[in-house]
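Undergrad: Structure of the sequence below:
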Amino acid sequence: MLDVVVAEGGRPYEFADIQAGVREHGYELSRTRWWRIRTGESPETVPTEALVALSKFFDIDPVYLTDESGELPERIEKELQLLRSMRRSKLKNIAARTLGDIDAKTLDAINALLDDVEELEKNNPSDT
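TA: Numbering: from 1, shown residues only. Reported below is the predicted structural model:
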């Protein structure tokens, strides 16, 4: 989620931004608790109140963070798809520059492979 949700001006949220935002929703977030949430360490010890406050701050349905069966919000899903596409495009450009004098047939095979992975992820979104 943090890969796609950005603060005003297009910059990533800093901890202080998130801490202040969840405070406005009635929860005091410590740096340690935030680290545990981000890394998934000890998920059973994360209070529901923290997840609800975070979901309100990020403007997503609290069920996404509080229920294991919570669906990925459509906005987040679309932004993740765009991010994956942009990363693949960057990877293709890096491969082309790095491999330099590689023949067109091999470059086409790399592109086809990346396109196949993208298609597979579209058809099986729960696996990504």
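Undergrad: and stretch 112-128, which residues are buried?
TA: residue 114 (16 or more other CB atoms under 10 Å). For every residue, glycine as well, the C-beta is placed using N, CA and C.
Undergrad: Oh, that last question was meant for stretch 62-71, not what I typed.
TA: By neighbour count on 16+ other CB under 10 Å, the buried set for stretch 62-71 is 64-66.
Undergrad: Just the ones in helices from those residues, please.
TA: Using DSSP state H, the subset of the buried residues of stretch 62-71 located in helices is 64-66.
Undergrad: Turn those residues into TSV, including distance to residue 47 and pLDDT.
TA: Below are those laid out as TSV (distance: CB to CB, whole Å; pLDDT from 0 to 100):
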residue	distance to residue 47	pLDDT
64	16	75
65	12	77
66	10	79
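Undergrad: Go through those residues and name the one nearest residue 106.
TA: residue 64 (41.4 Å; CB to CB).
Undergrad: from what I can see that closest one touches residue 56, true?
TA: No - using CB atoms under 8 Å as the test, residue 64 is too far from residue 56 to be in contact (11.6 Å).
Undergrad: element containing the closest residue to residue 50 other than its chain neighbours?
TA: In this structure, residue 50 finds its nearest non-sequential neighbour in residue 27, 5.4 Å apart by CB to CB, 6 or more residues apart in numbering. When elements are defined using DSSP states H and E, residue 27 is found to belong to no helix and no strand.
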